[in-house]
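> Fold the following for me, if possible:
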Amino acid sequence: MKATYLCRGNIPVLETPRLMLRKMEQEDAAPMFRFWSDPEVAKYMNVPPFASEDETREMINLLNALSETEDTIRWGIEIKENGSLIGSCGFNAWQLSGAYRGEIGYELGQEYWGKGYMREALQAMFEFGYETMGLNRIEALIYPQNSASIRLLAGLGFSNEGLLREYQQDGDGERFVDLYIFSLLKREFGTKGRVQG
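Sure, this is the predicted structure:
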């Protein structure tokens, strides 16, 4: 297994039949603000809905800076056919030597829900995680109320390992929330993760 993965801010382009996963740029602030300011999209992001495009630009800068320090890697999800940015996904954190695991996060604009885009994007991201980053385990922390994400992860072969009680504060810091922990192992990805359709 690889002991280190060095991103150094060079976020690689990943392609699927319909999508391109790429580094987010400043000009992406307008579409990402539309998504990140939508209460329905932000509901399970563990942050309050964004208030301005400036705040969105700051987040894009922060995410790109964190990729330079190996703390996170985040891709914008673009439809290849028309160049529309429809959301983002990435590894919120990862640990290699001694663990070889990463935690994922993702969101999609409402108008793109139910079309299989996130499933397609995540499959490309998982392949990168297992094959290039050297991960053995990919994890997701999911609100119990987030039935769409639970269905998505189950369809991708993830196992629900249980409930983490009052695991973290919610986005506004007013209460502690329970989260499910889901996981997919590298040895399961070939049989369970690459689900077609």
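> going forward, measure contacts between C-alpha atoms and count neighbours the same way
Noted.
> who does the one helix or strand Met125 maps to touch, helix- and strand-wise?
Element membership of Met125 [criterion: DSSP states H and E] is helix 117-131. In terms of contact count using 3 or more CA pairs under 8 Å, 6 or more residues apart in numbering; DSSP states H and E, helix 117-131 is assigned the packing partners strand 14-15, strand 19-22, strand 85-95.
> In this protein, what residue spans correspond to strands?
14-15, 19-22, 73-79, 85-95, 101-108, 137-142, 159-169, 176-185 (DSSP state E).
> Who is the nearest residue to Leu122 once chain neighbours are set aside paired with across the strands?
Closest residue in space to Leu122, ignoring its immediate chain neighbours: Cys89 at 7.5 Å, by CA to CA, 6 or more residues apart in numbering. Using DSSP bridges, the beta-bridge partners of Cys89 come out as Trp75, Tyr106.
> ok, now which ones touch Cys89?
Counting by CA atoms under 8 Å, 6 or more residues apart in numbering, Cys89 makes contact with Arg74, Trp75, Gly76, Ile77, Ile104, Gly105, Tyr106, Glu107, Ala121, Leu122.
> how near is it to Leu163?
Look at Cys89 and Leu163: by CA to CA, to the nearest Å, they are 23 Å apart.
> hang on, the earlier thing: just put the contacts of Cys89 in a markdown table and tack on distance to Phe182 and neighbour count.
What follows is the contacts of Cys89, written out as a markdown table (distance: CA to CA, whole Å; neighbours: other CA atoms under 10 Å):
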| residue | distance to Phe182 | neighbour count |
| --- | --- | --- |
| Arg74 | 20 | 23 |
| Trp75 | 21 | 24 |
| Gly76 | 23 | 24 |
| Ile77 | 22 | 27 |
| Ile104 | 10 | 20 |
| Gly105 | 12 | 17 |
| Tyr106 | 14 | 21 |
| Glu107 | 17 | 21 |
| Ala121 | 18 | 26 |
| Leu122 | 14 | 23 |
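> May I have the predicted confidence score for Met45?
Note on Met45: pLDDT of 88.
> Burial check on it, number of neighbours?
Neighbour count for Met45, taken as other CA atoms under 10 Å: 18.
> in this protein, which helix or strand is least confident?
The helix or strand of the chain with the lowest confidence, counting by mean pLDDT, DSSP states H and E, is helix 39-42 at a mean of 92.
> Touching that one from outside, list them.
Phe35, Trp36, Pro48, Pro49, Glu107, Leu108, Gly109, Gln110.
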